[in-house]
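Undergrad: give me a model of this one.
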Amino acid sequence: MRRSSSTTGSSSRQSVMALRVQDTNKMGLQTPQMKDRGTFGKLSMSKPTSGTSERKVSFFGKRTSSVGGSRNSQYGVFGTEKIKDPRPLHDKAYIQQCIKQLCELLVENGYAHNVSMKSLQSPSVKDFLKIFTFIYGFLCPSYELPDSKFEEEIPRVFKELGYPFPLSKSSMYTVGAPHTWPQIVTALVWLIDCIKLYSAIRENAPSFDDGQSWGGETDDGIVHNKLFMDYTVKCYEHFMKGGDTFEEFDAEVQSKLKDLFNIDEFQIEGLAAENKRLHEEIARLEKERESEPDRLVSLRKLKSSLQADVQKYQAYMANLESHTAILDQKMKGVNEEVETAEMEVEAMKQENARLQYIFDNQKYSVADIERINHERNELQQTINKLTKELEAEEHQLWNEELKYARNKEAIETQLAEYHKLARKLKLIPIKEEEQKCANELELLEKHKHLLESGVNEGLSEATNELHDIQRQYQVVMQTTTEESRKAGDNLNRLLEVITTHVVSIEKYVDEQNVKIDRDYEEFMSEDLLSTLTRILDSYKRKAESV
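TA: From the prediction side, this is the model:
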């Protein structure tokens with residue numbers, strides 16, 4: 001709820017009603033806006049019947065000797081002090097607004113004659129008298145404008161109603177003139193406001209009874225309450241008696257308002273101290289501004305510089321964020337590679353275990369291979385020995401064959417000489433000799449065949465035995481060599497592959513771990529984002545303070 005200006009309690013203010021000249025535009029300046037506020041709207045009051053012949057001058061009442069007689073004021077009836085009209089009478093927009101308000105009032109309340117904005121731009125005296133009589137009839141239904149001296153009657157009525165600005169008699173004859181009509185139409189609008197106020201007071205009269213709770217407030221911020229109305233009446237009576245200061249009434253109403261709203265004195269004192277401190281701060285800043293005329297320029301330059309720095313830091317922070325995102329992506333990729341390498345290492349370990357299992361459970365063990373190698377060496381030695389014996393037998397056989405051939409040749413030579421001598425001596429017949437030679441040859445052939453068969457049989461047996469041994473040796477050697485070679489090759493190749501791969505993976509993982517740890521330590525040690533955030537916040541605060 002908004003409070004009236006009388007409740008502010010300012011020590012420097014004298015009254016809600018200012019001195020004589022300061023509030024002369026109270027009603028005059030507010031008249032054009034009353035239509036927009038819609039506080040009263042269309043005049044709902046009906047013209048009462050003329051049941052009494054009493055002439056009603058004003059809802060304010062005619063100021064008698066107790067009020068107006070002792071007060072020489074522009075608001076009084078008997079005052080001679082003239083004041084300047086603060087309303088913009090030369091403003092065409094303002095005058096058009098007043099004319100519009102007058103036209104709407106006449107149309108809405110059933111004015112008997114035709115009226116429009118155009119006809120109200122410069123009305124005749126006759127039209128003005130009809131309009132005045134119609135409007136004043138809301139205040140005094142039995143009022144009738146006299147046939148003569150209306151130029152004195154109308155200014156007198158406005159003066160009795162308290163209109164603060166005088167209307168001349170000559171203006172009544174030239175109502176529609178461009179220099180006269182603005183004064184007349186604003187006076188009519190003032191009269192309309194008086195009617196609206198009178199209507200509102202009549203309709204809301206119970207709002208000011210004793211014991212009435214604190215009511216609502218109007219668009220002007222005036223709270224309907226008997227306390228405020230009593231204060232206003234007292235101040236106005238004191239003002240009409242010639243008083244210009246109202247400290248006593250202010251203190252009284254402040255005390256009552258404090259009791260009504262439970263105002264804390266300590267809070268008021270604290271607010272007053274805060275107000276004083278703020279005024280001192282304002283004075284200090286004013287002095288600084290006077291002592292440093294170029295301070296604003298320098299502060300603006302500083303502000304622009306700080307804003308440029310803020311933009312740079314924002315760009316730098318954006319770059320850092322993008323770099324951080326790139327590092328996160330790289331770290332994610334490295335983690336994926338590490339996981340892949342770990343999976344490969346695990347697969348190689350499983351393969352190594354499988355091959356180790358095959359190696360441990362293969363047909364020939366190390367002892368068997370050593371035994372086979374030992375047997376192979378023994379067989380090789382036997383083969384070498386038999387080979388040497390075979391070579392010796394073959395050499396001996398060769399010698400025997402040579403000896404046999406020489407003996408045979410010698411025998412054949414002797415036999416040929418014997419036959420030759422025998423034939424010469426004719427010791428043996430030719431047939432017998434031939435038969436004997438044939439028998440000898442046959443015996444020699446048989447003996448030769450026997451020797452050859454014996455030698456060949458021994459040689460074939462030795463050769464067959466040698467071949468059997470060689471075949472066995474070759475089979476054993478092939479089997480052993482093949483198994484050993486396969487097992488050795490597989491084992492060596494597997495060990496080499498595993499060793500090489502494990503070493504390369506360990507090296508790569510170690511390098512990546514070292515690199516990641518180094519990057520992470522550098523990134524965590526720098527802590528750029530928090531530092532830049534603090535710098536940016538400080539610059540923002542400086543820029544906002546500037």
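Undergrad: contacts only, for residue 401.
TA: With contact set as CB atoms under 8 Å, 6 or more residues apart in numbering, residue 401 has no partners. Any C-beta I mention is one placed from the backbone N, CA and C, and that applies to glycine too.
Undergrad: quick check on it: phi, psi?
TA: phi -60, psi -40 (degrees, to the nearest 10).
Undergrad: against residue 414, how distant is it?
TA: Per CB to CB, to the nearest Å, residue 401 is found 20 Å from residue 414.
Undergrad: swap in residue 386?
TA: In terms of CB to CB, residue 386 sits 41 Å off from residue 414.
Undergrad: these two: which is more packed in?
TA: Set side by side, residue 386 and residue 414 show more neighbours around residue 386, with 16 against 10, by other CB atoms under 10 Å.
Undergrad: need the per-residue pLDDT for the more buried one.
TA: Residue-level confidence at residue 386 comes out at 84, pLDDT.
Undergrad: same check on the one 10 residues further on?
TA: pLDDT, the model's per-residue confidence, is 83 for residue 396.
Undergrad: likewise residue 280?
TA: Model confidence at residue 280 (pLDDT) stands at 94.
Undergrad: and the one 5 residues further on, by the same measure?
TA: Predicted confidence (pLDDT) for residue 285: 84.
Undergrad: now name the helix or strand holding it.
TA: Using DSSP states H and E, residue 285 falls within helix 265-291.
Undergrad: centre of the chain versus that helix, how much separation?
TA: When C-alpha coordinates are averaged (CA atoms, centre = their mean, to the nearest Å), helix 265-291 and its chain have centres 40 Å apart.
Undergrad: pull out the buried positions in it.
TA: Residues of helix 265-291 include none that count as buried (16 or more other CB atoms under 10 Å).
Undergrad: helices or strands next to that helix in the packing?
TA: Using 3 or more CB pairs under 8 Å, 6 or more residues apart in numbering; DSSP states H and E, the elements in contact with helix 265-291 are helix 295-360.
Undergrad: do you know the pLDDT at residue 445?
TA: 73.
Undergrad: list the contacts of it.
TA: Contacts of residue 445 by CB under 8 Å, 6+ apart: none found.
Undergrad: tell me the angle the helix or strand hosting residue 482 makes with helix 295-360.
TA: Under the criterion of DSSP H and E, residue 482 resides in helix 430-526. Here helix 430-526 runs at an angle of 150 degrees relative to helix 295-360 (axes from the mean of the first three to the mean of the last three CA atoms, to 10 degrees).
Undergrad: and the next element down the chain from helix 430-526?
TA: Criterion used, DSSP H and E; the element after helix 430-526 is helix 528-545.
Undergrad: just checking the distance from that next one to the centre of its chain.
TA: The chain centre lies 17 Å from the centre of helix 528-545; the measure is CA atoms, centre = their mean.
Undergrad: show me the domain layout of the protein.
TA: 5-265, 362-495 (automatic domain parsing).
Undergrad: what's the span of the shortest one from first residue to last?
TA: By CA to CA, to the nearest Å, the extent of domain 362-495 from end to end equals 17 Å.
Undergrad: that domain: how far from the chain's middle?
TA: The answer for domain 362-495 is 104 Å, by CA atoms, centre = their mean.
Undergrad: before we move on, back to that, from the chain's centre, how far out does the helix holding residue 482 sit?
TA: Worked out by CA atoms, centre = their mean, helix 430-526 lies 79 Å from the chain centre.
Undergrad: and for stretch 336-348?
TA: With CA atoms, centre = their mean, you get 39 Å for stretch 336-348.
Undergrad: what about residue 345, neighbour count?
TA: Neighbours of residue 345 using other CB under 10 Å come to 16.
Undergrad: swap in the one 4 residues further on?
TA: The criterion is other CB under 10 Å. On that basis, residue 349 has 12 neighbouring residues.
Undergrad: give the contact list for residue 296.
TA: Going by CB under 8 Å, 6+ apart, the list of residues near residue 296 reads residue 289.
Undergrad: let me know the pLDDT of it.
TA: pLDDT recorded at residue 296 is 72.
Undergrad: quick one: it from residue 307, how far?
TA: 16 Å.
Undergrad: do the same with residue 89
TA: Distance from residue 89 to residue 307, by CB to CB: 50 Å.
Undergrad: same question, residue 119
TA: For residue 119 relative to residue 307 (CB to CB), the value is 61 Å.
Undergrad: what of residue 401?
TA: Distance from residue 401 to residue 307, by CB to CB: 124 Å.
Undergrad: now swap in residue 256 and tell me
TA: Residue 256 is 54 Å from residue 307, by CB to CB.
Undergrad: likewise for residue 186?
TA: 52 Å.
Undergrad: again, but for residue 152
TA: Distance from residue 152 to residue 307, by CB to CB: 72 Å.
Undergrad: ok, now residue 483?
TA: In terms of CB to CB, residue 483 sits 85 Å off from residue 307.
Undergrad: over to residue 158?
TA: Taking CB to CB, one finds residue 158 at 62 Å from residue 307.
Undergrad: settle it for me: which of the two has more neighbours?
TA: Under the criterion of other CB under 10 Å, the comparison of residue 158 against residue 307 puts residue 158 first, with 21 against 15.
Undergrad: helix or strand for the more buried one, which one?
TA: helix 150-161.
Undergrad: which other helices and strands contact that helix?
TA: Judged by 3+ CB pairs under 8 Å, 6+ apart, helix 150-161 is in contact with helix 125-136, helix 169-173, helix 181-203.
Undergrad: give me the angle between it and helix 125-136.
TA: 30 degrees.
Undergrad: quick one: buried residues of helix 150-161?
TA: Applying 16+ other CB under 10 Å to helix 150-161 flags 150, 151, 154, 155, 157, 158, 159, 161 as buried.
Undergrad: how about it as PDB, C-alpha atoms only?
TA: Provided in PDB are the C-alpha atoms of helix 150-161 (Å, rounded to 0.1, in the frame of the first residue of the first chain):
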ATOM      1  CA  PHE A 150     -23.900  36.800 -17.000                       C
ATOM      2  CA  GLU A 151     -20.400  38.300 -17.500                       C
ATOM      3  CA  GLU A 152     -20.400  39.000 -13.700                       C
ATOM      4  CA  GLU A 153     -22.200  35.900 -12.600                       C
ATOM      5  CA  ILE A 154     -20.000  33.300 -14.100                       C
ATOM      6  CA  PRO A 155     -16.600  34.700 -12.800                       C
ATOM      7  CA  ARG A 156     -18.300  35.100  -9.400                       C
ATOM      8  CA  VAL A 157     -19.400  31.500  -9.300                       C
ATOM      9  CA  PHE A 158     -15.900  30.300 -10.200                       C
ATOM     10  CA  LYS A 159     -14.400  32.500  -7.500                       C
ATOM     11  CA  GLU A 160     -16.800  31.200  -4.900                       C
ATOM     12  CA  LEU A 161     -15.900  27.600  -5.900                       C
END
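Undergrad: quick one: residues in contact with stretch 176-191.
TA: Contacts of stretch 176-191 (CB under 8 Å, 6+ apart): 27-28, 31-32, 85, 87, 89-90, 95, 98-99, 101-102, 120-125, 128, 131-132, 135-136, 158, 161, 163, 165, 167, 171, 174-175.
Undergrad: make it 7 Å
TA: 27-28, 31, 87, 89, 95, 98-99, 101-102, 122-124, 128, 131, 135-136, 158, 163, 167, 171, 174-175 (CB atoms under 7 Å, 6 or more residues apart in numbering).
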